[in-house]
Every structure is written in C-alpha cells, then in structure tokens.
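Novice: Mind looking at a prediction? Sequence and model below.
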Amino acid sequence: MKTDIMKVEGQTGLTATGWDLKGVNESQWNEAGEILVKVDQARQWWLGDWWNACQWGDGKAACERIGVNYENSTMCGKVSRAFEIGRRRPNLSFSHHKEVTFIDDPTMQDKLLDWAESERASVKALRERVNNHLSLTRTARRIIERTEEAKIELTQTLSDARELLGNEKYDQWFQAEIATQPHYQLAVEIGIL
C-alpha cells in the first residue's frame with residue numbers, strides 16, 4: 001500500500017525553508033511529526049537509490065555540483081544496492097541494514113534483520129550480533145584451513161610410515177596407533193583417515 005508521506009490533511013505550507021503549521025489541531029500536528037520521522041528514515045534510502053541510478057559519468061562531480069556529500073552518497077548507494085526495495089524493512093532503520101552489509105550472505109543478512117525486527121533490537125545490539133557472526137565465521141574458516149593442513153601432514157606422515165615399514169608392519173603399527181593415540185582415533189572418527 002503506497003501512501004503520500006508528505007501530505008497532512010488541509011496543509012500546503014511546506015517549502016524548502018519551512019513548514020507553516022499555523023492553525024493545525026493536535027491530530028494534524030501529530031501527523032506532521034509522523035511525516036518528519038518517515039522522511040528522515042527514508043532520506044538515506046532515497047540518496048542511495050539516487051546514487052545507484054547514476055548512468056552519466058562521474059558521480060563525485062555530480063555530488064560536488066549539487067552539494068551532496070560524496071562519501072555519504074557512496075555509502076548509501078552500497079546499502080541500497082545490497083537491499084533491493086522488497087528486502088528493506090520499514091520497521092528497521094537504514095543503520096540496521098547498513099550493519100548487516102558486512103556479511104556477504106543475503107540469507108544470513110535477512111536472518112539477522114528478522115531477529116532485530118522481532119526483538120526490536122537497537123543498532124548497537126545488531127552490530128554485536130554481526131560482529132559475533134563475523135568472528136565465528138573467521139574462526140570456522142581457520143579451523144577448516146588447519147584441518148586441511150593437518151590432513152595433508154597426517155597423510156604424508158602415514159605415507160612415510162608405510163614406505164618405511166612396509167604394508168604388513170604398517171597395518172599392525174597403524175592399528176596399535178589408533179588404539180592408543182587420541183589424535184588418530186579422532187582422525188578416523190571424523191573421516192580424515
């Protein structure tokens with residue numbers, strides 16, 4: 001459902017330099033405040049969408065020409081590009097969306113935004129979740145890399161042992177190692193050996 005967020009019933013005094021709200025009642029005054037919040041929340045999305053729509057050369061020169069901050073425009077463009085309009089959460093701020101752009105996986109981004117929305121989480125709380133996710137992801141990658149390195153090293157060690165002992169003695173030695181050495185037991189259990 002699309003609504004005109006700039007319309008207050010009976011009011012037309014909105015200009016670039018002011019908003020004439022003389023004579024409004026309390027309900028209209030509250031509605032005007034709600035409009036300001038909607039505009040403020042939408043402003044960064046609009047700037048990002050504007051930035052991403054540029055097809056005519058140098059965006060930096062355009063920003064300088066019209067007086068828009070270039071760095072802010074590129075940041076808003078990055079977030080807007082990461083979240084097509086259908087994925088943007090109207091109940092969450094632009095800053096919430098910005099926090100999850102550090103995660104490459106759109107499914108995980110959506111899961112974190114779902115959590116933030118359902119828990120009414122602050123940007124700071126979401127940032128902590130994102131940082132925890134990124135830290136766990138880096139740790140998991142390091143473990144996988146080390147596991148691969150250990151597998152290569154173990155395979156080489158076992159190959160050297162087979163060559164040194166011969167097949168029959170190697171098989172006897174290996175069975176004894178599995179029975180007594182926890183690292184070999186673990187390697188068999190997780191499928192490395």
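Specialist: It's in.
Novice: burial count for residue 55?
Specialist: 6 (other CB atoms under 10 Å). Backbone N, C-alpha and C define where each C-beta goes, glycine included.
Novice: whoops, I mixed them up, residue 56
Specialist: Neighbours of residue 56 (other CB under 10 Å): 8.
Novice: secondary structure element for it?
Specialist: Assigned by DSSP states H and E, residue 56 falls within no helix or strand.
Novice: And it, its phi and psi?
Specialist: With angles defined as degrees, to the nearest 10, residue 56 sits at phi -120, psi 40.
Novice: where does it sit relative to residue 69, distance-wise?
Specialist: 19 Å (CB to CB, to the nearest Å).
Novice: again with residue 35
Specialist: 24 Å.
Novice: wouldn't residue 92 be in contact with residue 115 here?
Specialist: No. The criterion here is CB atoms under 8 Å, and residue 92 misses it with residue 115 at 10.6 Å.
Novice: who's more crowded, those two?
Specialist: The neighbour comparison of residue 92 against residue 115 (other CB under 10 Å) goes to residue 92, with 20 against 13.
Novice: Next one: the more buried one, what pLDDT does it get?
Specialist: pLDDT for residue 92: 95.
Novice: what about residue 135, distance to residue 109?
Specialist: 17 Å.
Novice: typo on my end, residue 71
Specialist: The spacing between residue 71 and residue 109, counted by CB to CB, is 23 Å.
Novice: and after the longest helix along the chain, which helix or strand comes next?
Specialist: Using DSSP state H to define each element, the chain has its longest helix at helix 123-165. Per DSSP H and E, the first helix or strand lying C-terminal to helix 123-165 is helix 167-180.
Novice: Between residue 71 and residue 109, which is the more surrounded one?
Specialist: residue 109 (21 against 9).
Novice: thinking the more buried one is in contact with residue 100, fair?
Specialist: Yes. Counting by CB under 8 Å, residue 100 is a contact partner of residue 109 at 4.3 Å.
Novice: Low-confidence ranges, this structure, go.
Specialist: For the chain, the stretches flagged by pLDDT under 70 are 1-12, 183-184, 186-187, 190-193.
Novice: And the residue nearest in space to the middle of the chain, how far from residue 135?
Specialist: What sits nearest the mean C-alpha location of the chain, by CA atoms, centre = their mean, is residue 100, with 2.4 Å. Per CB to CB, residue 100 is found 15 Å from residue 135.
Novice: Then residue 74?
Specialist: 27 Å.
Novice: In terms of packing, which of the two has more residues around it?
Specialist: residue 74 (15 against 10).
Novice: tell me which residues in the helix or strand hosting that one are buried?
Specialist: Using DSSP H and E, residue 74 falls within helix 70-82. Of the residues in helix 70-82, 73, 75-77, 79-80, 82 count as buried by neighbour count, 16 or more other CB atoms under 10 Å.
Novice: want to throw those residues into a markdown table with distance to residue 52?
Specialist: Shown next, in a markdown table, are the buried residues of helix 70-82 (distance: CB to CB, whole Å):
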| residue | distance to residue 52 |
| --- | --- |
| 73 | 10 |
| 75 | 12 |
| 76 | 9 |
| 77 | 5 |
| 79 | 10 |
| 80 | 6 |
| 82 | 10 |
